[in-house]
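# Quick one, fold the following:
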Amino acid sequence: MISVDEALEIVASHISALDPEDVSFELACGRLLREDVASDTDLPPFPRSAVDGFALRAADVSGTPATLEIIGEVPAGSFPSFQIGAGEAAQIMTGAPVPDGADAVQMVEQTRVDADRVEVRERVEAGQNIAPRGSEVANGAVVLREGTRLDPATIAVAATVGKTSLRVGRRPEVAVIATGDELVHPTTTPAPGQIRNSNGFSLVAQCEQVGATAHYLGVATDDEASLTQLIRAGLEKDVLLLSGGVSMGRFDLVEPVLEREGVEILFESVALKPGKPLVFGRTNDGTLVFGLPGNPVSTMVTFELFVRTALARLEGAPSPSRPYVTASLSGPLRNRGRRRAFLPGWLSVGTDGRLVAHPITTRGSGDIVAFAKANALVVSGEDDDIHATGDVVQVYPLDSFFHREDRWQNPANPR
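Predicted structure coming up:
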């Protein structure tokens, strides 16, 4: 049995990024950028008005009120054919080019128009309310860095600089297999001794949530023929995920079949709770294989810690692991045993602005209902036993930390 850190190092050392591909910027949100993107122009490309108002010379309004002749107007999208002289002004819209000769813009709220003249009530300084050409970005400057996870704001940047084709990491193709004679489809009422299959569907959902392409191959029964057939199909993808069949029981057949199919097993047990029976291997042609534990919480936790990281590294992420945060415990927490524990918790912001971790009562690695209430994993180290209320602990935020409503944790929302 190896430590969590050792296991993560082994996984990282056996992954090479997939070849990138070019996609339209319109389809690139959520993808990992595999090139630097430079601006093809100064931004703004001309001196730009920051407000609706009047372009003028600051010297002409050094004493106010001052009355100036309106010689034209500049709507957004046009370029002025005139220039501003002494005693002159032009009406201008937000985002429009500032005419030559003008060195300031006074906002419309500080003016009063009478026919072809404008009274300026407050002075402005030279440069006020004007964004100079190139003040945001110079032509040729890098505006997006390789390794950026593209989001709506960065898509807007790509559009702004005319980068309509982006080189991104290829999305990994992931095969998912659930194992076990006891599993039945969720539409089926389980007979005595049977359970509904949740792992297959949760793994597909986790893959899709991180941007991988998931292929659900079904349930392998506890016999070598069934496992061999599905594993052979799964090894054709970039990553193969199996849930169950990796412990020490008589019907845990995954490892022998994997080895016969050419998978080198690199580790098979991690000092992790939940998730001790975790198998990781690799084929000669680079397919990654994760044999995840069968209990549903263990399956989801080991995916979060190991598979998510591996998938991001395949895309080309330079720092694929999610950072931890620290929080103070709202109640006591106990870790039995000498394994690093990742326990379900609710992470919230306290009245003082600091993070607070609320442990969630759970019946163990099979209690998926309790786990579904969590938005974070509270970490208890290998050498820790009992954490008291107020202790500061490490916390791994789940994706749901950013969007899940606290229906289970907020007394004001008991339903």
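# Show me the contact partners of the lowest-mean-pLDDT helix or strand in the chain.
When each helix and strand of the chain is scored by mean pLDDT, DSSP states H and E, strand 333-334 comes last, with a mean of 88. Identification of contacts with strand 333-334 by Cβ atoms under 8 Å, 6 or more residues apart in numbering yields 343, 359, 378, 380, 385-387, 391, 393. To be clear about C-beta, it is placed using only N, CA and C from the backbone, and glycine gets the same treatment.
# name the helices or strands packed onto the helix or strand hosting residue 217?
Secondary-structure element containing residue 217, defined by DSSP states H and E: strand 213-220. If you count contacts as 3 or more Cβ pairs under 8 Å, 6 or more residues apart in numbering; DSSP states H and E, strand 213-220 packs onto strand 173-179, helix 199-209, helix 224-234.
# Quick one: residues in contact with the shortest one.
Pointing back at strand 173-179 there. 197, 199-200, 203-204, 207, 212-222, 227, 230-231, 233-245, 254, 294, 311.
# List buried residues within the residues you listed.
Neighbour counting with 16 or more other Cβ atoms under 10 Å marks 197, 199-200, 203-204, 207, 212, 214-217, 219-222, 227, 230-231, 234-235, 237-245, 254, 294, 311 as buried within the contacts of strand 173-179.
# can you give me the strands in the stretch 201-350 of the chain?
Per DSSP state E, counting those that start in this stretch, the stretch 201-350 of the chain carries strands over the ranges 213-220, 239-243, 264-267, 272-273, 279-282, 288-292, 325-329, 333-334, 340-349.
# now swap in the stretch 1-150 of the chain and tell me
Under the criterion DSSP E, counting those that start in this stretch, strands of the stretch 1-150 of the chain are mapped to 21-24, 37-38, 48-49, 53-56, 66-74, 88-92, 104-107, 111-114, 117-120, 130-131, 142-144.
# okay, the strands of the stretch 201-350 of the chain, which one's buried deepest?
Of all the strands of the stretch 201-350 of the chain, strand 239-243 has the most neighbours on average by mean count of other Cβ atoms under 10 Å, namely a mean of 29.
# So what touches it?
By Cβ under 8 Å, 6+ apart, the surrounding residues in contact with strand 239-243 are 172-179, 199-200, 203, 207, 212, 220, 231, 234, 254, 287-294, 299, 303, 307, 310-311, 314.
# Over to stretch 264-276?
1-4, 6-7, 10, 14, 246, 255, 258-259, 277-284, 291-293, 295, 297-298, 301-302, 305, 335, 337-342, 364-365, 382.
# Contact partners for residue 317?
Residues in contact with residue 317 (Cβ under 8 Å, 6+ apart) are 32, 147, 149, 169.
# domain ranges for this structure?
Domain assignment for the chain, taken from automatic domain parsing, gives 4-16+171-315, 21-39+147-168, 48-131, 325-402.
# Same question for stretch 68-83: list its buried residues.
Within stretch 68-83, the residues that count as buried by 16+ other Cβ under 10 Å are 68, 70-72, 74, 80.
# Pick out the residue closest to the middle of the chain.
For the chain, residue 149 is the residue whose C-alpha lies nearest the centre (Cα atoms, centre = their mean; 6.9 Å).
# Can you tell me the closest non-neighbouring residue to it?
Spatial nearest neighbour of residue 149, chain neighbours left out: residue 32 (5.7 Å); criterion: Cβ to Cβ, 6 or more residues apart in numbering.
# Give me the ChimeraX select line for the contacts of strand 333-334, limited to the buried ones.
Applied in ChimeraX, the following selects the buried portion of these according to 16+ other Cβ under 10 Å:
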select :343,359,378,380,387,393
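# Redo the contacts of strand 333-334 as a markdown table? Include secondary structure and pLDDT.
Formatted as a markdown table, the contacts of strand 333-334 follow (DSSP: H, G, I helix; E, B strand; the rest coil; pLDDT from 0 to 100):
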| residue | secondary structure | pLDDT |
| --- | --- | --- |
| 343 | strand | 94 |
| 359 | strand | 93 |
| 378 | strand | 96 |
| 380 | strand | 94 |
| 385 | coil | 82 |
| 386 | strand | 88 |
| 387 | strand | 92 |
| 391 | coil | 95 |
| 393 | strand | 95 |
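# Could you dump the contacts of strand 333-334 into TSV with distance to residue 163 added?
Converted to TSV, those look like this (distance: Cβ to Cβ, whole Å):
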residue	distance to residue 163
343	44
359	46
378	42
380	46
385	54
386	54
387	49
391	48
393	43
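# which one of the contacts of strand 333-334 sits closest to residue 162?
residue 378 (46.5 Å; Cβ to Cβ).
# Would you confirm that that closest one contacts residue 335?
No - in this structure residue 378 lies outside contact range of residue 335 using Cβ atoms under 8 Å: 9.7 Å.
# residues shared between the contacts of the two?
Joint contacts of residue 378 and residue 335 (Cβ under 8 Å, 6+ apart) are residue 343.
# Could you single out the nearest of the contacts of strand 333-334 to residue 400?
residue 378 (14.3 Å).
# what's that closest one in contact with, if anything?
Contacts for residue 378 (Cβ under 8 Å, 6+ apart) come out as 329, 333, 342-345, 357, 359, 393-395.
# Could you find the closest non-adjacent residue to it?
Excluding the flanking residues, the one nearest residue 378 by Cβ to Cβ, 6+ apart is residue 345, at 3.9 Å.
# And for residue 135, the neighbour number?
Using other Cβ atoms under 10 Å, the number of residues around residue 135 comes to 13.
# Apologies, that question was intended for residue 286.
Applying other Cβ under 10 Å, we find 13 residues neighbouring residue 286.
# could you measure it against residue 378, distance?
Shown here: residue 286 relative to residue 378, a distance of 35 Å by Cβ to Cβ, to the nearest Å.
# got the buried residues for stretch 309-325?
309-317, 320.
# Would you mind checking the average pLDDT for it?
Across stretch 309-325, pLDDT averages out at 93.
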